[in-house]
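Engineer: only geometry, no sequence info:
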């Protein structure tokens, strides 16, 4: 068998894209949403000057730990992603946009610039974190016109508000970019290659 029956694999996320990637990779798993105050964690991290990679790990860890407390026998995967962009010499963090006006502002701010998607993944089992990974894809957006942005917003609609960058590279949003560096799955929020390697090392997947 490609995947062992034990331990059970649990994804601590309600993200449709993360679920779709694991399903596409042929994994059997249960998805359980983790109720954590992401805003408070981000706010505290920024106030304390914590680097984005560490903050993303804090968020992923909080989600996995919450679900693992209910499912200690399972191997629980948690993930989170931050978008950062250096503007006028200052690193700015972006949250998911609120409404299409927020998405419009995101795209106008990011156009013509390179930004990073700090993507953290952790695994918990038996009450402790046993693995972590941080991947940082870099994306350079074209200097797209206002008209293109309006057409893109009209085409994709409110679904863009579920993306921290207000775009979907797995759809028409790929047209926004000049250059993309990094694993495609990491851009979508769950770096599959490091995760699959970890699962093989721990006997969850066949070598």
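Structural biologist: That came in fine, so what should we check first? Owing to the predicted nature of the structure, the values given are computational and were not obtained by experimental measurement.

Engineer: Can you list the buried residues in stretch 148-168?
Structural biologist: The neighbour-count check on stretch 148-168 (16 or more other CB atoms under 10 Å) flags 149, 152-153, 156, 160-161, 163-168 as buried. C-beta here means a position set from N, CA and C on the backbone, and glycine is covered the same way.

Engineer: quick one: which of those sit in helices?
Structural biologist: Taking DSSP state H, the ones among the buried residues of stretch 148-168 that sit in helices are 149, 152-153, 156.

Engineer: Make JSON lines out of these and add pLDDT and distance to residue 30.
Structural biologist: Formatted as JSON lines, these follow (pLDDT from 0 to 100; distance: CB to CB, whole Å):
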{"residue": "149", "pLDDT": "97", "distance to residue 30": "38"}
{"residue": "152", "pLDDT": "97", "distance to residue 30": "35"}
{"residue": "153", "pLDDT": "97", "distance to residue 30": "35"}
{"residue": "156", "pLDDT": "96", "distance to residue 30": "29"}
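
Engineer: Which one of these is nearest to residue 177?
Structural biologist: Top of the list for closeness to residue 177, among these and by CB to CB, is residue 152 at 12.0 Å.

Engineer: for the buried residues of stretch 148-168, which one is nearest residue 23?
Structural biologist: Nearest to residue 23 among these: residue 168, at 17.7 Å, using CB to CB.

Engineer: Spatially, which residue comes closest to the closest one, not counting chain neighbours?
Structural biologist: Nearest residue to residue 168 in three dimensions, chain neighbours excluded: residue 156, at 6.6 Å (CB to CB, 6 or more residues apart in numbering).

Engineer: and if you look at residue 30?
Structural biologist: residue 10 (5.1 Å).

Engineer: residues in contact with the helix or strand hosting that neighbour?
Structural biologist: Take DSSP states H and E as the rule and residue 10 turns out to sit in strand 9-11. Strand 9-11 has contacts (CB atoms under 8 Å, 6 or more residues apart in numbering) with 3, 18-19, 22, 27-32, 67, 71, 74-77, 199, 204.

Engineer: List buried residues within the residues you listed.
Structural biologist: 18, 22, 27, 29, 31-32, 67, 71, 74-77, 199, 204.

Engineer: could you dump these to a markdown table with pLDDT?
Structural biologist: Output for those, formatted as a markdown table (pLDDT from 0 to 100):
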| residue | pLDDT |
| --- | --- |
| 18 | 93 |
| 22 | 95 |
| 27 | 95 |
| 29 | 96 |
| 31 | 96 |
| 32 | 94 |
| 67 | 95 |
| 71 | 93 |
| 74 | 95 |
| 75 | 96 |
| 76 | 97 |
| 77 | 97 |
| 199 | 96 |
| 204 | 93 |
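
Engineer: neighbours around the residue nearest to residue 2 when sequence neighbours are not counted, how many?
Structural biologist: Spatial nearest neighbour of residue 2, chain neighbours left out: residue 206 (5.2 Å); criterion: CB to CB, 6+ apart. Residues lying near residue 206 (other CB atoms under 10 Å) number 10.
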